[in-house]
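Colleague: Got a sequence here, can you build the structure:
(4 chains)
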There are 2 protein chains.
Amino acid sequence: MVKITDVARHAGVSPSTVSYALSGKRPISEATRLRVEEAIRRLGYRPHAGARALASSRSNVLALVVPLRAGIHVPVVMQFAVSVVTAARTHDHDVLLLTQEEGEDGLRRVADTALVDALIVMDVQLHDPRLPLLRALERPSVLIGFPAAPDGLTCIDLDFKAAGELCVERLAGLGHRVVALVGSPPEVYVRGTAFAQRVVQGFTAAADRNGLSSSVHPCEASPAAARRIAEQLLREQPALTGVVVHNEPVLEPLIEAFEQLGLRVPADLSVTAICPDELAGGLRVPVTSIAIPSAEVGARAVDLLMRQLDGTPCPEATLLTPRMTERASTAPRTLNS
Amino acid sequence: MVKITDVARHAGVSPSTVSYALSGKRPISEATRLRVEEAIRRLGYRPHAGARALASSRSNVLALVVPLRAGIHVPVVMQFAVSVVTAARTHDHDVLLLTQEEGEDGLRRVADTALVDALIVMDVQLHDPRLPLLRALERPSVLIGFPAAPDGLTCIDLDFKAAGELCVERLAGLGHRVVALVGSPPEVYVRGTAFAQRVVQGFTAAADRNGLSSSVHPCEASPAAARRIAEQLLREQPALTGVVVHNEPVLEPLIEAFEQLGLRVPADLSVTAICPDELAGGLRVPVTSIAIPSAEVGARAVDLLMRQLDGTPCPEATLLTPRMTERASTAPRTLNS
DNA sequence: TTCCCCCGTCGAAGCGCTTCGACGTTCCGT
DNA sequence: ACGGAACGTCGAAGCGCTTCGACGGGGGAA
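Modeller: Below you'll find the predicted structure:
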């Protein structure tokens, strides 16, 4: 293994100079720097991560806790993970993958052993048991999602309440008067998953504000459940002309079910969704939707972490404004419907 | 930060004794060990990962390279990742997440800086450019998937050829004489992704062996593409009664398309698939399928790595035998069809 | 009893890097 | 022309842990 002393000898300088040339923490003359870089290249030098971590008390590794729970949409999680890794690399950091299964102990372990410098936690519950731990940890963290009481913890997420509102406002603007929300599976609400609940809040608030008649329906992630919900909706709200879907796996089967029940989308029924663009755009009837900006959330989460590590002040709460993409599933309410 | 010397002082022993008590690399008397453990508990001691890595030249971290490419089924990747993390934890290791985007440089970096002890690489191509690098690295690695020439690299995967064969044998055993394979998207084959090609080999070999008339159809991962393929199949092979699907997103829309074209599953058409059980079992017509045993593959991959790190000899190639789960989508060929 | 060896423990020497204080030089302001 | 700041570099001291060799004491073999 080639080490910093080898490089130093080769370049005719001391090891500390090599270190400073690499880190830039002290000024080094152009000439010396070039010689050092040349030596590094010749010898193929790579600083030893462990040694570096020990001496600098920085591992340059971030922990990412991914959820495994039922009812969460896996591709979205994966997108987050990938964007976090990509963003971390632009800051010269790597990402350690933790599963939620490891729970609080896992968080404590990687933080206490100094394996990681900071943590990113996904799938935050309203009353997440990990919050006290994260506050007690001597390392920065960022939550993707909002708990009921952040209290000093840094959080970032799409503004799901605004997303719920936006879906309704859009439908209201098109003249729809009776709307329904087809939401995530019941267990997601039971757990108190923040984003799901916020969608409901936004949906309900906007419906009330606009004087719409509305209803909310959690829905299992299966085609069969979608069909049942469709039938139920038509039975209970025959005047229904607007539907908001916040449940990825159910979006397509739900639309199919409506059509099989004789409702054309968007002629008889307008549909908006909160889901990835690939999903919304890839359906037979492309769906007007609000995407979760995973890439942006991941990148910003990493940025927030870096600022905390720097000591730069950073905002506690970051809510990303939802953006709606118009597609073929929405239309003005027709008079005969 | 509480360190090993603190524990040693507290327990009235030397730091090396604490270390040995922890690692078990030298015999320590029961009494001493208990005192050490007690001190550790009292003080909440956690060994510093960097220091440990530096002194022992073991980081206890594994690298996992996940694919990002088009045409791969994300939930399956996620399952692998989770099972690798879980398995790694049972061996006291953590997992560093690398995206394929980082490519060979990323592999080299984490290996050369001793950030990781060993590597797991997914989505291996037949002629994968990373193979020479992996061979040159001084660290063990395991490929999930088989390249054309492993040549000294350890590989593990489901035996996809056998899986392709098994699907056909099952259909042949039920009396079907005309079969088709609906495969992965074309780019997957173009890239030379091993598992996709092996399914085709197995499918074709078994069809020939049984004297079946057969055809192979790559298929884009969209409902529309599924419909087109269904129509094309009925047009070109009107006597078709058996279909093998190796393309997760297309499985459901394909069956729907067949039914809309007037073919009942399984009465007129038997379907087998290679896909996760959750998918196969969750459809309106549960599909007889062969699952990719992600959990097993992940766990075994980690085991293989651990054996290499131990110096224990381990097999170069591990092919997992496919197991078929009978569901409602297969039936004997009826005489009138 | 004597010799050996193994058990259980200790002390010291690093692992490869960063960082702090120090020191000579140069360059600026006055 | 001189004091002082800023520059560029070095040496040494660790960071917290593992591991090697050593050593005293006890037990088995001869």
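Colleague: residue boundaries of the strands in chain A?
Modeller: Residue ranges of the strands in chain A, as given by DSSP state E, are A:61-66, A:94-99, A:118-121, A:141-144, A:154-158, A:178-182, A:213-217, A:242-245, A:270-274, A:288-290, A:317-320, A:324-325.
Colleague: is it possible to export those to CSV including mean pLDDT and distance to residue A:199?
Modeller: C-beta: built from backbone N, CA, C; applies to glycine. Supplementary listing: the strands of chain A in CSV, determined by pLDDT from 0 to 100; distance: least, CB to CB, whole Å:
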stretch, mean pLDDT, distance to residue A:199
strand A:61-66, 97, 21
strand A:94-99, 97, 26
strand A:118-121, 97, 20
strand A:141-144, 96, 16
strand A:154-158, 96, 10
strand A:178-182, 97, 7
strand A:213-217, 96, 9
strand A:242-245, 97, 8
strand A:270-274, 97, 6
strand A:288-290, 97, 10
strand A:317-320, 95, 13
strand A:324-325, 96, 14
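Colleague: Now render these as CSV, adding distance to residue A:193 and mean neighbour count.
Modeller: Converted to CSV, the strands of chain A look like this (distance: least, CB to CB, whole Å; neighbours: other CB atoms under 10 Å in any protein chain shown):
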stretch, distance to residue A:193, mean neighbour count
strand A:61-66, 15, 25
strand A:94-99, 17, 23
strand A:118-121, 13, 25
strand A:141-144, 12, 26
strand A:154-158, 11, 23
strand A:178-182, 15, 23
strand A:213-217, 15, 17
strand A:242-245, 17, 28
strand A:270-274, 14, 28
strand A:288-290, 18, 26
strand A:317-320, 17, 16
strand A:324-325, 22, 16
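Colleague: So which of these is nearest residue B:108?
Modeller: Using CB to CB as the measure, strand A:94-99 is the one of these that comes nearest residue B:108, at 13.5 Å.
Colleague: and the angle for that closest one with strand B:94-99?
Modeller: If you take axes from the mean of the first three to the mean of the last three CA atoms, to 10 degrees, strand A:94-99 sits at 120 degrees to strand B:94-99.
Colleague: right, is strand A:94-99 up against chain B?
Modeller: Yes. With CB under 8 Å from any CB of the partner chain as the threshold, strand A:94-99 lies in contact with chain B, specifically through A:94-99.
Colleague: what sits up against that strand?
Modeller: Outside of strand A:94-99, the residues within contact range by CB atoms under 8 Å, 6 or more residues apart in numbering or on different chains are A:60-66, A:68, A:81, A:84-85, A:88, A:106-107, A:110, A:115-116, B:61, B:64, B:81-82, B:85-86, B:94-98, B:110, B:115.
Colleague: Next: stretch A:145-152.
Modeller: A:122-128, A:131, A:135, A:143, A:153, A:155, A:157, A:193-195, A:198, A:316-317.
Colleague: Derive a ChimeraX selection command for the buried subset of these.
Modeller: Here is the ChimeraX command that selects only those of the contacts of stretch A:145-152 that count as buried (16 or more other CB atoms under 10 Å in any protein chain shown):
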select /A:122,123,124,125,126,128,131,143,153,155,157,193,194,195,198
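Colleague: mean confidence score for stretch A:29-45?
Modeller: In this model, stretch A:29-45 carries a mean pLDDT of 95.
Colleague: Can you list the buried residues in that stretch?
Modeller: By 16+ other CB under 10 Å, the buried positions in stretch A:29-45 come out as A:32-33, A:35-36, A:39-40, A:45.
Colleague: State the number of residues packed around the spatially closest residue to residue A:84 that is not a sequence neighbour.
Modeller: Spatially, and ignoring its direct neighbours in sequence, residue A:84 is nearest to residue A:298 (4.2 Å; CB to CB, 6 or more residues apart in numbering or on different chains). Applying the criterion other CB atoms under 10 Å in any protein chain shown, we find 25 residues in the vicinity of residue A:298.
Colleague: do the same with residue A:192
Modeller: Counted by other CB under 10 Å, the residues lying close to residue A:192 total 15.
Colleague: residue contacts, it?
Modeller: Taking CB under 8 Å, 6+ apart, one finds A:125-127 in contact with residue A:192.
Colleague: Apart from its chain neighbours, what residue comes closest to it?
Modeller: Looking at residue A:192 with CB to CB, 6+ apart, the closest residue is residue A:126, at 3.9 Å.
Colleague: my read: the one you found touches residue A:195, true?
Modeller: No. Using CB atoms under 8 Å, residue A:126 is not in contact with residue A:195; the gap is 9.9 Å.
Colleague: Residue A:318 is in contact with residue A:159, isn't it?
Modeller: No. Under the contact definition of CB under 8 Å, residue A:318 does not touch residue A:159, with a separation of 9.5 Å.
Colleague: Just the residues contacting stretch A:4-23, thanks.
Modeller: Stretch A:4-23 is contacted by residues A:26, A:28, A:32-33, A:35-40, A:42-43, A:45, A:47 when judged by CB under 8 Å, 6+ apart.
Colleague: if you set the cut-off to 10 Å instead, what comes out?
Modeller: Applying CB atoms under 10 Å, 6 or more residues apart in numbering or on different chains, the contact partners of stretch A:4-23 are A:2-3, A:25-29, A:32-43, A:45, A:47-48, A:51-52, A:55-56.
Colleague: Only alpha carbons, please: show it as CSV.
Modeller: Coordinates of the C-alpha atoms in stretch A:4-23 are reproduced here as CSV (Å, rounded to 0.1, in the frame of the first residue of the first chain):
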residue,chain,number,x,y,z
ILE,A,4,1.4,9.6,2.4
THR,A,5,5.0,9.3,3.4
ASP,A,6,5.8,7.6,0.1
VAL,A,7,4.2,10.5,-1.8
ALA,A,8,6.0,13.0,0.4
ARG,A,9,9.4,11.4,-0.3
HIS,A,10,8.7,11.2,-4.0
ALA,A,11,7.8,14.9,-4.1
GLY,A,12,10.6,15.9,-1.9
VAL,A,13,8.3,17.4,0.8
SER,A,14,7.0,16.5,4.2
PRO,A,15,3.9,14.4,4.8
SER,A,16,2.1,17.3,6.3
THR,A,17,2.7,19.3,3.1
VAL,A,18,1.1,16.5,1.1
SER,A,19,-1.8,16.6,3.4
TYR,A,20,-2.2,20.3,3.1
ALA,A,21,-1.8,20.1,-0.7
LEU,A,22,-4.7,17.7,-0.7
SER,A,23,-7.0,19.4,1.7
